[in-house]
Structure formats: structure tokens, C-alpha cells
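Engineer: no FASTA, just this:
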């Protein structure tokens, strides 16, 4: 090439068009994440949460595409462990494309994980955390779509005394923030209603041999056993109780709310009751279409926390869209999404309207009482919970 001359290079029209359109249409990658147990004893519910969030992502992906954003889901396994969950939260914070998180399943994981995410303003909504401390810390990023222990515990305690007519109650918890908080609230209500607490203690959440515990229960002869714990432990407890001839009602909270609890209880899945913040399908008629979509996509039935997770995801995703529109139809910042979610009102959800108070608690929620008899569950009652 001679000095001072300009070379004329002709590219095919198809190549020029491809380069131009590729530049104009390059979508901005945005993500929503889940932090749940995808392995371990509580993975059944953790997978339900992730799968249900995926359905919401699939449904709303076109809305993001209209604004030039490519939406995707990334799932992180917390193994039901606070330390692992916190480490996963730090991984989320490091990925700047993640604008919101659904999780965790357990309050004991969400508490440190949300604190790890707070400096980065990553909004988090739990479909299942009921411990008061989850939202009582004043974090701007932490929210929940379910009722709290200070509503669920008293509801369970009230049911034990007034519906089951128990006068003597054995109270047990799994030594986690969730289980202990739930059992403490139930115990307060039962005492206030005149019941005698014959024993109140904690057992390690990993314990599966209840021989010594059952011996104490047989000695004290309570009318009911209230257990603040999770289905992976409640199922074996129920089976061992029934195998030893202890037929008193076993009562708990939403940690029991898994079909695996009935499977683990086997022939002992009888005379079990639990309160749950997640709606059974027969209590949420609009969930039928969602249930059909879940069955078609994943080949299994959706459960209550799947419904709550779907709604939690819809809230985060709509919050992201609202923040994007307020940002000139551009991908929003994490802080903008955090504010959009906390201050918004979200309608047309399966579980009804969602709006949060200044702490991130849902202003109006429902609670359900489920009975399990001969391995079959049914809805025994519905309660409205209003935050004031």
C-alpha cells in the first residue's frame, strides 16, 4: 500500500447488515437467582422453589426482551447451611448481572445471606422464612411474602388448645432460628390459654433416632406434641412415635409442608397437623393453571412453597421491569430494584396482592391449617394475617 493512500475494502451486504443489527440488538444480560437447598435433606422444597421461579422467568422473559434485556435464572445450592448460604450470597453479589434473589428456604440461612447481600443492594424475597429476625433487622433489601412466626406460632398453639383440646403439651424444637422461634411463640399461646407445658426442649436438627425422646413422652403422657422443625425430621419422628404406640397429635408449622414428610412418616402419617403460610391447591383456585404448567415442565406436582416462590419471583421481576421503565427503559441498578420492590404494590398474583411494610413484611397474608390422616392431607382451616 502506498503511503498517503486509503484502501477501499468492500464487505458483502449480508455481513454489514449482520454487524449493524448485532450491535443495535445486543441484549443486556440480567439475572434473578435462587439460594436454596438443592442437595441434602431439605432439597425437595429447595428444588420446588427454584423450579417455580423458573416458570416465572419463562413467563416474563418476553417483557424483558422488549426492553432489550435477556433474562435468565441462576440457582445456587445453600445445602440448608448458613455458612454455605452466606458464601453463595457473596457469589451472587460478585455477579453484577444478578438484580434479585428468591430464597432462602430456612430463616437461619436467609439471615446471614441477606446481610451479605445488603451492601450490594441485592433485593431478596423469601417465600418461606417466618422467623421475626429475618425482617426485624431493618435491612432495605430483605422481604418476605409469607406470614411470620409471631402469627404462625400463636395460630398453631391456639389450634392445639382450642381445636385439639389438649391440656398437657410437650414442646420440642430443632434448635434452629426457625424451629425455636416457632415453638416459643406456640408455647406462649398455649400457656396463656391454660395448657400445661410438661416439657420444652431442643434437639439437634440432624438427629434421627428419637428413642430417648419417645421414652420421655411416654413417661410424661402429654395430650399433644408440638414440634418446631422441618419435614425431614418430622417424618421419621412421626413414624417412630407411631411404631412405639404413641398416637397423640403431632403438631408443627410450615416446615412440615412437604409431601416427603408423609413419605418419611410412612405408616405413621396419621394425626398430624401443621400450620403453613403456603396455600394448598384447594385453597388457591387460581393456582390450577400454574400447577398444570409445573407438571408439564417438571413432571411432578407443585407444592405450597412452589406457589409462594412463583409469586415472590413475579414480585422481583415486576419490580425489575418497573425500575427499568423508570430508568428510561434501560437495565436498572440493584439499588433501583431494591427500592422498586419495597415500595411497590403487586397485583394479579396467585396468593393475592403483595405490598410490603417498612421492614419488608407482607402487609396482608394468609395462613392455613393442614390435617394429615392415614397419609392423606386436607385443609382444616384458613386464617387472615394483617400486619399493622
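Structural biologist: In hand now; what should we look at? Just so it is clear, the model here is predicted, and its values are computed rather than measured.
Engineer: start to end distance for stretch 143-155?
Structural biologist: Start and end residues of stretch 143-155 are separated by 22 Å (Cα to Cα, to the nearest Å).
Engineer: Make residue 1 into 51 and carry on from there
Structural biologist: That works, and once the first residue is 51, the last one we named lands at stretch 193-205.
Engineer: Report the distance from it to the chain centre.
Structural biologist: Centroid displacement of stretch 193-205 relative to its chain, using Cα atoms, centre = their mean, to the nearest Å, is 12 Å.
Engineer: repeat for stretch 80-94
Structural biologist: Taking mean C-alpha positions (Cα atoms, centre = their mean), stretch 80-94 and its chain are 10 Å apart.
Engineer: Likewise for stretch 151-158?
Structural biologist: On the basis of Cα atoms, centre = their mean, stretch 151-158 sits 6 Å off its chain's mean C-alpha point.
Engineer: Residue 252 contacts residue 230, correct?
Structural biologist: Yes - judged on Cβ atoms under 8 Å, residue 252 makes contact with residue 230 at a distance of 6.5 Å. (Each C-beta comes from the backbone N, C-alpha and C, glycine too.)
Engineer: what's the overlap in contacts for these two?
Structural biologist: 223, 224 (Cβ atoms under 8 Å, 6 or more residues apart in numbering).
Engineer: Provide the contact partners of stretch 285-298 at residue level.
Structural biologist: The set of residues external to stretch 285-298 that reach it, using Cβ under 8 Å, 6+ apart, is 258, 260-261, 264, 267-268, 272-275, 277, 279, 300, 310-322.
Engineer: swap in stretch 328-346?
Structural biologist: By Cβ under 8 Å, 6+ apart, the surrounding residues in contact with stretch 328-346 are 101-102, 105, 177-178, 196, 304, 307, 350-358, 360, 400-401, 416, 418, 420, 427, 429, 432.
Engineer: any chance you could map the helices in this protein?
Structural biologist: For the chain, the helices defined by DSSP state H cover 63-75, 93-116, 132-144, 157-167, 183-186, 199-208, 227-242, 261-270, 281-293, 309-315, 337-348, 354-376, 384-393.
Engineer: Output these in TSV; the columns should cover mean pLDDT.
Structural biologist: Listed next are these as TSV, based on pLDDT from 0 to 100:
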stretch	mean pLDDT
helix 63-75	43
helix 93-116	97
helix 132-144	98
helix 157-167	97
helix 183-186	96
helix 199-208	90
helix 227-242	95
helix 261-270	98
helix 281-293	97
helix 309-315	95
helix 337-348	95
helix 354-376	97
helix 384-393	98
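Engineer: Dump the ones you listed into TSV; add mean neighbour count as well.
Structural biologist: TSV is the format used below for the helices of the chain (neighbours: other Cβ atoms under 10 Å):
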stretch	mean neighbour count
helix 63-75	9
helix 93-116	20
helix 132-144	19
helix 157-167	25
helix 183-186	21
helix 199-208	24
helix 227-242	23
helix 261-270	13
helix 281-293	22
helix 309-315	20
helix 337-348	15
helix 354-376	25
helix 384-393	21
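Engineer: Reformat the ones you listed as a markdown table; add distance to residue 409.
Structural biologist: Listed next are the helices of the chain as a markdown table, based on distance: least, Cβ to Cβ, whole Å:
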| stretch | distance to residue 409 |
| --- | --- |
| helix 63-75 | 42 |
| helix 93-116 | 22 |
| helix 132-144 | 20 |
| helix 157-167 | 12 |
| helix 183-186 | 5 |
| helix 199-208 | 12 |
| helix 227-242 | 16 |
| helix 261-270 | 36 |
| helix 281-293 | 28 |
| helix 309-315 | 30 |
| helix 337-348 | 27 |
| helix 354-376 | 16 |
| helix 384-393 | 10 |
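Engineer: Which one of these lies nearest to residue 150?
Structural biologist: Smallest distance to residue 150 across these (Cβ to Cβ): 3.9 Å, for helix 354-376.
Engineer: just to revisit the earlier point, which one of the helices of the chain lies closest to residue 83?
Structural biologist: Taking Cβ to Cβ, helix 132-144 is the member of those nearest to residue 83, at 5.2 Å.
Engineer: what packs against the closest one?
Structural biologist: Applying 3 or more Cβ pairs under 8 Å, 6 or more residues apart in numbering; DSSP states H and E, one finds that helix 132-144 contacts strand 78-86, strand 119-127, strand 148-153, helix 157-167.
Engineer: Run the angle between that helix and helix 227-242 for me.
Structural biologist: 120 degrees (axes from the mean of the first three to the mean of the last three Cα atoms, to 10 degrees).
Engineer: Now do helix 132-144: distance to the chain's middle.
Structural biologist: Centroid displacement of helix 132-144 relative to its chain, using Cα atoms, centre = their mean, is 17 Å.
Engineer: again with stretch 134-151
Structural biologist: In terms of Cα atoms, centre = their mean, the centre of stretch 134-151 is set 17 Å apart from its chain centre.
Engineer: do stretch 379-394 as well
Structural biologist: Worked out by Cα atoms, centre = their mean, stretch 379-394 lies 21 Å from the chain centre.
Engineer: Name the residues that touch it?
Structural biologist: 78, 80, 117-119, 149-150, 170-173, 175, 190-191, 193, 365-366, 368-370, 372-374, 376-377, 405-406, 410.
Engineer: Run a quick neighbour tally on residue 81.
Structural biologist: A count of nearby residues for residue 81, using other Cβ atoms under 10 Å, gives 18.
Engineer: how close does the closest residue to residue 226 other than its chain neighbours sit to residue 329?
Structural biologist: Leaving aside its chain neighbours, residue 226 sits nearest to residue 158 (4.8 Å; criterion: Cβ to Cβ, 6 or more residues apart in numbering). Residue 158 sits 24 Å away from residue 329, going by Cβ to Cβ, to the nearest Å.
Engineer: Residue 100 too?
Structural biologist: Note on residue 100: its distance to residue 329, by Cβ to Cβ, is 19 Å.
Engineer: Then residue 391?
Structural biologist: From residue 391 over to residue 329 (counting by Cβ to Cβ), the distance is 21 Å.
Engineer: got it, and residue 119?
Structural biologist: Applying Cβ to Cβ to residue 119 and residue 329 gives a distance of 31 Å.
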